[in-house]
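Peer 1: 3D model of this:
(2 chains)
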Amino acid sequence: MTPTNTAERLLPGDRRRIGKQIVLPWSKSLEICIGSIRTRLGRSIVTLLGIVLAIAFLMSILTSQALIDNLRSQDNEHINLLLAQDAGVDVHDATSLDHKHQQDMWLLTLSMLVAFVGIVNSMLMSVTERFREIGTMKCLGALDAFIIRLFFIESTIQGVVGTLIGIPIGFLMTYLRNGVTFGFGTFHYGPLLGRTALNLTICLIVGTVLAIIAAWWPARVAARMQPVEAMRVEE
Amino acid sequence: MSKQTKQPSQQQIVQTEAPVAVATPSAQHAIVRSRNVKKIYVMGAEKVEALRGISLEICQGEYISIMGPSGSGKSTFFNMIGGLDKPSEGQVFIDEVDIAQLDAYELAWLRCRKIGYIFQTFNLIPVMSALENVTLPMIFGGMTTDEARDKGAALLAKVGLGTRLRHRPFELSGGQQQRVAIARSLANDPAIILADEPTGNLDLKTGTEIIEILKQMNKEMNVTIITATHDHKMLAASDRVIWIRDGRVEKIQNREDLKIEVGKIDGESL
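Peer 2: Residues are numbered from 1 along each chain as shown, chains lettered A, B, ... in the order given. Predicted coordinates:
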């Protein structure tokens, strides 16, 4: 330990050394983010709900497709009739199936966009709410990169948690509804399991990536905030 | 081939320019020096001169108050001393380093290690406990968690909050929050503590206590304290008071001169 305040002189030419001297370990970043989510639970839940709904919808559509494909592949007289009646699917008409698929994709894209805008909005508000906190952190020596990292971690956590809640909701709702219509015993569970695992992976990736991309702009806004902001007195 | 010959010489430069441990030469070491500092804001076609050339020196270990009406340029100057703003003309040296020459990393380093900040609104991080608030600058500065915890606890004990390490800011009174902020400002043994209206949101009694703590830290740790304030209690504790008006230094009063005038100042304000 150096005994005096002026023991370390900052001289020009130390740039690389100084860059490495200011640190924020990942474990500490994670701790701060979890604390932040817990303290601002209300806002976090709003962001979370956006992701939960989007992913539940995605999983629901994917599961519905999986179930109908599953039934269609059985080519059973009785099931084909049910499919035509209840799901509007003509097993032998490939173009109508394609059309329905396209409609689904369009709906999915739209809902993902809406969720995306929702997350961006809620994160931007959380940035403006925290201007003083961010300014203070910068006064304490935080680099822009720390602030960006904190927002990305927070968003990733929300993305993953939201996705993990959304997946079972979307799956169960669709599975139960179709199970009631067609009978739970009619599905071939072997292939269905593989298909569901694939859908689950898609949802996890989409949910997480969505949350991370949505955090990009708010994180930049936050990182650009000047330390002087901490001095502002008015609320 | 030319690259190979260049490399050793570059290394040498880095070595010679690395920070050198120098003991404080004397109490008169100028920790902050401003030379003809001007700040010009351009608003549309109009140019507003917030600072019209301020030159002064602040010595290591001094307790300085900067006074001035709002709009005098006091805040602008104060922010510059704190490395939060850069002058349009002239130079500000903090510990002999021209802040205009520093890049983002170096400024962050300066804020982390050289300057402690205290705010009117306390500005504790709401999601962290008192101890975590105090240790955050230490973590930024590269200290291990254990070291930081011990030092943080010691600092909090020093400001009289040894039993409230785990409290969150909202569980503390204003005075207690400001004490945590003082402990936090001391986290990395800064050369300067910059306090912006530290008693502005506190009642008379609590404000006096905060000033006493600041004065005590100033004496014990030889840390330079610079405050911007309207609070006349603050003046009595100061070694020097710098009055700023219309972007210029109006007058600088030493403590000896102050004592005579304190009554008059109070009389004027009441």
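
Peer 1: C-alpha only now, for contacts and for neighbours.
Peer 2: Will do.

Peer 1: ok, whatever residue of the stretch 151-270 of chain B ends up closest to chain A to B:Gly116 distance?
Peer 2: Proximity of the stretch 151-270 of chain B to chain A (C-alpha to the nearest C-alpha) peaks at B:Ala191, 5.2 Å away. As judged by C-alpha to C-alpha, to the nearest Å, B:Ala191 and B:Gly116 stand 8 Å apart.

Peer 1: next: B:Val134.
Peer 2: Using C-alpha to C-alpha, B:Val134 is found at 11 Å from B:Gly116.

Peer 1: show me the shaky parts of the chain.
Peer 2: Went with chain A since none was named. When residues are selected by pLDDT under 70, those of chain A lie in A:1-20, A:234-235.

Peer 1: ah, I was thinking of chain B
Peer 2: Residues of chain B that meet the cut-off, pLDDT under 70, sit at B:1-28, B:259-270.

Peer 1: quick check: phi and psi on the residue nearest the centre of it?
Peer 2: In chain B, the residue lying closest to the centroid (C-alpha atoms, centre = their mean) is B:Leu194, at 2.0 Å. Its backbone dihedrals place B:Leu194 at phi -110, psi 120, with angles given as degrees, to the nearest 10.

Peer 1: could you tell me the end-to-end distance of stretch A:133-146?
Peer 2: In stretch A:133-146, first residue to last residue: 13 Å (C-alpha to C-alpha).

Peer 1: off-centre distance for it?
Peer 2: Per C-alpha atoms, centre = their mean, to the nearest Å, the displacement of stretch A:133-146 from the mean C-alpha position of its chain is 26 Å.

Peer 1: buried stuff in it?
Peer 2: Using 16 or more other C-alpha atoms under 10 Å in any protein chain shown as the burial criterion, the residues of stretch A:133-146 that qualify are A:133-144, A:146.

Peer 1: want to throw those into TSV with secondary structure?
Peer 2: What follows is the buried residues of stretch A:133-146, written out as TSV (DSSP: H, G, I helix; E, B strand; the rest coil):
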residue	secondary structure
A:Glu133	helix
A:Ile134	helix
A:Gly135	helix
A:Thr136	helix
A:Met137	helix
A:Lys138	helix
A:Cys139	helix
A:Leu140	coil
A:Gly141	coil
A:Ala142	coil
A:Leu143	coil
A:Asp144	helix
A:Phe146	helix
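
Peer 1: how about A:Met137, nearest residue that isn't a chain neighbour?
Peer 2: A:Pro227 (7.7 Å; C-alpha to C-alpha, 6 or more residues apart in numbering or on different chains).

Peer 1: compare B:Ala191 and B:Gly116 (neighbour count), which wins?
Peer 2: In terms of neighbours (other C-alpha atoms under 10 Å in any protein chain shown), B:Gly116 is the more surrounded of B:Ala191 and B:Gly116; the figures are 31 against 26.

Peer 1: beta partners for that one?
Peer 2: With beta bridges defined as DSSP bridges, B:Gly116 has these partners: B:Ile193.

Peer 1: just the element for A:Ser73, please.
Peer 2: Assessed by DSSP states H and E, A:Ser73 sits inside helix A:41-74.

Peer 1: for the host helix or strand of A:Leu150, packing partners?
Peer 2: A:Leu150 belongs to helix A:144-182 when assigned by DSSP H and E. In terms of contacts (3 or more C-alpha pairs under 8 Å, 6 or more residues apart in numbering or on different chains; DSSP states H and E), helix A:144-182 is packed against helix A:26-39, helix A:41-74, helix A:189-224.

Peer 1: which residues touch the residue most central in space within chain A?
Peer 2: Chain A has A:Gly159 as the residue nearest its centroid, 2.7 Å off, counting by C-alpha atoms, centre = their mean. Shown here is A:Gly159, whose contacts under the criterion C-alpha atoms under 8 Å, 6 or more residues apart in numbering or on different chains are A:Leu48, A:Ile51, A:Gly207, A:Thr208, A:Val209, A:Leu210, A:Ala211, A:Ile212.

Peer 1: biggest separation within those residues, which pair?
Peer 2: Comparing every pair within those by C-alpha to C-alpha identifies A:Leu48 and A:Val209 as the most remote, at 14.0 Å.

Peer 1: these two: which has the busier surroundings?
Peer 2: Neighbour tally, A:Leu48 and A:Val209, criterion other C-alpha under 10 Å: the higher count belongs to A:Leu48, 25 against 16.

Peer 1: tally of neighbours for the nearest residue to B:Arg166 once chain neighbours are set aside?
Peer 2: In space, B:Arg166 comes closest to B:Ser129 once its chain neighbours are excluded; the distance is 5.2 Å by C-alpha to C-alpha, 6+ apart. Taking other C-alpha under 10 Å as the criterion, the count of residues near B:Ser129 is 20.

Peer 1: need the phi and psi values for B:Ser129.
Peer 2: Summarising the backbone geometry of B:Ser129 under the convention degrees, to the nearest 10, its torsions are phi -70, psi 170.

Peer 1: ok, now B:Met67?
Peer 2: With angles defined as degrees, to the nearest 10, B:Met67 sits at phi -110, psi 150.

Peer 1: I'd say it and B:His232 touch.
Peer 2: No: no contact is recorded between B:Met67 and B:His232 when judged using C-alpha atoms under 8 Å, the distance being 9.6 Å.

Peer 1: for those two, indicate the residue with more neighbours.
Peer 2: Taking other C-alpha under 10 Å, B:Met67 and B:His232 do not tie; B:Met67 has more neighbours (25 against 14).

Peer 1: contact partners for the more buried one?
Peer 2: B:Lys74, B:Ala228, B:Thr229, B:His230, B:Val241, B:Ile242, B:Trp243, B:Ile244.

Peer 1: the residue of chain A at minimum distance from chain B and B:Leu84, how far apart?
Peer 2: Residue nearest to chain B within chain A: A:Gly141 (4.1 Å; C-alpha to the nearest C-alpha). With distances taken as C-alpha to C-alpha, A:Gly141 is found 11 Å from B:Leu84.

Peer 1: likewise B:Lys39?
Peer 2: Summarising the geometry, the distance separating B:Lys39 from B:Leu84, computed by C-alpha to C-alpha, is 13 Å.

Peer 1: who's more crowded, those two?
Peer 2: The neighbour count for B:Lys39 versus B:Leu84, taken as other C-alpha under 10 Å, is higher for B:Lys39 (23 against 20).

Peer 1: what packs against the host helix or strand of that one?
Peer 2: Assessed by DSSP H and E, B:Lys39 sits inside strand B:30-43. Here strand B:30-43 touches strand B:46-59, strand B:89-94, going by 3+ C-alpha pairs under 8 Å, 6+ apart.

Peer 1: ok, residues contacting stretch B:131-144?
Peer 2: A:21-24, A:140-142, B:109, B:112-113, B:124-125, B:145, B:148-149, B:151-153, B:156, B:165-166, B:180-181, B:183-185, B:187-188.

Peer 1: should've said stretch A:226-235
Peer 2: Residues outside stretch A:226-235 that contact it (C-alpha under 8 Å, 6+ apart): A:131-139, B:79, B:84-85, B:119-121, B:123, B:196.

Peer 1: redo that, cut-off 6 Å
Peer 2: The set of residues external to stretch A:226-235 that reach it, using C-alpha atoms under 6 Å, 6 or more residues apart in numbering or on different chains, is A:Arg132, A:Gly135, A:Thr136, A:Lys138, A:Cys139, B:Leu84.
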